[in-house]
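Asks: Sequence plus the predicted model coming up.
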Amino acid sequence: MTHDLAQPPQVGVKLRATERLTLLLVGLLVLSWLWLNASTLTWFGESLLGLPRFNQLFLAAVALLLGWLAVRRPLPVLAAQLRLFPLVLLLGSALLALGSRWLLAFEQIPGLLFLLGSYGLAGLFLHPATWRRGLPVAATVAAVVPFWLQFTTGLGFPARILTAQAVEAILNTWQITALSSADIIVLDTGIAQVDLPCSGLKSLWMGTVLLLAMTGLEGRKLGWRWLLVCCANWGLLVSANVMRVLSLVLLTNVLRQPALADLLHMPLGLVSFVTVSLLAWGLLRWVPQAEKARAPVQAIARPAQPASPKLLAGLIAVLLLLSFLPRPAAVLPVQPALAHLSWPAAMQVEPMALSQPEQAFFVSYDGVTAEKQRFDFEGIAGSMILVASPTWQAHHSPELCYISSGFEINQMRQQQLTDAVLGRWLSLKQDATQQAAAYWFQSPHRTTDSYLDRLWAELSRQEPAWTMVSVLFDQPYSPESPQVQAFLNQVQSVLAAQ
């Protein structure tokens, strides 16, 4: 009789010990997750501080709204439990984030995986049914937010480059000579520039938000069908943006109707966005409607299928061990000492002062060195600027500077300038003066004329150290001139020696 009375307290003590162990493990997982993503959290903080004031106020308003909704309609939160699928999502995000850091110097990818893995952590407290219903929304938010925080240094500028290259490819298939560089497209009849609104990122953002709103209003089920519709919506938005830019380029530079292009710029964007939104709404009809939610109390009362304790223990052990794995060190490329380059006496090099715009642009980035020189070599004269930078953000396609300085680009083409230099050759005009220019990007191992190629080489951790070389000749020399080739070969050789 005494033994039977003593049994319940022992069971209660055992349950409390299990709960304490679960809380301890969950706490260790949270700390491990924050430690693994310390640099990502720093990046998020810096990105938020760098946002315009309006965007900061908008985010604060959204956070207050979500807090108010959480108070008014709280989610069915359970005591911390170790569940299989949230742990799998957490572990997968941690492994992919660690791998991406070794392969890519691109903070938006770890940021995406941090948000996704954090939702996996939330799954240890939310009811499984509620957590599964919110997974597609969490994945969409994780995919959008890191890139929205930094349009220009995230996907904004690369998106403009890719849009320009897509338009170039279409024009070339129609036998219209075009060459894209950075975010401009050079045709025989003029230059078209793909600015930030033409990158298509804002339409992607608004299109995704609108799709989520239509999903909620119609009560559509968030699942694999919805994800397919979301991907189709993104593809349609990108295609519509490329066609819009193509139409504007044709109107402005081929048909010579710039006034009509200015008139249709906004209507084309609005019509294409509305058309894609209607198509997305039609595709959304393929997604079944969600079942009516059951009462929260009943949902919480339904027990979840327990996972194997050994499997859970293995997942937790791997997650905790990831905290001790080495992470890639910050890339510190060895850059050429531009101020101490040994120029041959025959080049007659004299230093020049950087202009105010050049100083303002280059000085804003750490580790960037820039030198401007005047030269006179075997009868050819001009100026050159060299910029050694550890970040692609401090480089640009030099024709953008020529355009902003008042030059007209009569022609630009990819050119094998010397045996060792693959660059671009430009024919320029300022007022009545005809001139020529050449440029390339040089790493310790090669040269390239493509800014996108230079950007990708840095992001993929292949070649972090690059020097931009831009040469402006006083006369319209030919790239086949022996003196021009000898001079460009000397510049490349001096840099390669460093």
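Replies: Ah, there it is.
Asks: same for the helix or strand in which residue 387 is found, what does it pack against?
Replies: Counting by DSSP states H and E, the element that carries residue 387 is strand 380-389. Judged by 3 or more Cβ pairs under 8 Å, 6 or more residues apart in numbering; DSSP states H and E, the packing partners of strand 380-389 are helix 356-363, strand 369-377, strand 466-473, helix 482-497. Bear in mind the C-beta positions are built from the backbone N, C-alpha and C, glycine included.
Asks: how about a cut-off of 6 Å?
Replies: strand 369-377, strand 466-473 (3 or more Cβ pairs under 6 Å, 6 or more residues apart in numbering; DSSP states H and E).
Asks: Buried ones in the helix or strand following that strand, by neighbour count?
Replies: Using DSSP H and E, the helix or strand that follows strand 380-389 towards the C-terminus is helix 399-404. Residues of helix 399-404 classed as buried: 399, 401-403 (neighbour count, 16 or more other Cβ atoms under 10 Å).
Asks: ok, so of the residues you listed, who is nearest residue 50?
Replies: residue 401 (24.8 Å; Cβ to Cβ).
Asks: For the nearest residue to the closest one once chain neighbours are set aside, give me the pLDDT.
Replies: Setting aside the residues directly before and after it, residue 401 is nearest to residue 470 in space (Cβ to Cβ, 6 or more residues apart in numbering), at 7.5 Å. Looking at residue 470, its pLDDT is 94.
Asks: try residue 157
Replies: pLDDT, read off for residue 157, is 67.
Asks: Same question for the one 4 residues further on.
Replies: Here the pLDDT value assigned to residue 161 is 76.
Asks: burial of it, as a residue count?
Replies: 22 (other Cβ atoms under 10 Å).
Asks: quick one: it and residue 453 touch, right?
Replies: No: using Cβ atoms under 6 Å, residue 161 is not in contact with residue 453, being 10.5 Å away.
Asks: Flag the shaky bits of this structure, pLDDT-wise.
Replies: 1-16, 66, 69-79, 150-158, 180-184, 186-200, 291-308, 329-334 (pLDDT under 70).
Asks: now with 50?
Replies: Filtered on pLDDT under 50, the chain yields the residue ranges 1-15, 152, 293-304.
Asks: who does the strand holding residue 387 pair up with?
Replies: strand 369-377 (antiparallel), strand 466-473 (antiparallel) (DSSP bridges).
Asks: can you state the direction angle for that strand and helix 356-363?
Replies: Computed by axes from the mean of the first three to the mean of the last three Cα atoms, to 10 degrees, the angle separating strand 380-389 from helix 356-363 equals 30 degrees.
Asks: Strand 380-389 to helix 482-497, inter-axis angle?
Replies: Going by the same axes, to 10 degrees, strand 380-389 makes 20 degrees with helix 482-497.
Asks: Restricting to C-alpha, output strand 380-389 in CSV.
Replies: Written as CSV, here are the backbone C-alpha positions of strand 380-389 (Å, rounded to 0.1, in the frame of the first residue of the first chain):
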residue,chain,number,x,y,z
ILE,A,380,50.9,58.4,-78.3
ALA,A,381,49.7,60.4,-75.3
GLY,A,382,46.8,60.3,-72.9
SER,A,383,45.8,59.5,-69.3
MET,A,384,45.1,56.4,-67.4
ILE,A,385,43.5,55.5,-64.1
LEU,A,386,44.2,52.3,-62.1
VAL,A,387,41.9,51.3,-59.2
ALA,A,388,42.9,48.3,-57.0
SER,A,389,39.9,47.2,-55.0
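Asks: Okay, buried residues for stretch 100-116 please.
Replies: 100-101, 104-116.
Asks: Closest to residue 496 out of the residues you listed?
Replies: Relative to residue 496, and with distances defined as Cβ to Cβ, the nearest of these is residue 105, at 24.1 Å.
Asks: wait, the closest one sits on residue 459?
Replies: Yes: in this structure residue 105 lies within contact range of residue 459 using Cβ under 6 Å: 5.4 Å.
Asks: After the helix or strand hosting residue 213, which helix or strand is next?
Replies: Here residue 213, judged by DSSP H and E, is contained in helix 201-218. The first helix or strand that comes after helix 201-218 along the chain, using DSSP H and E, is helix 224-249.
Asks: Cool, thanks, talk later.
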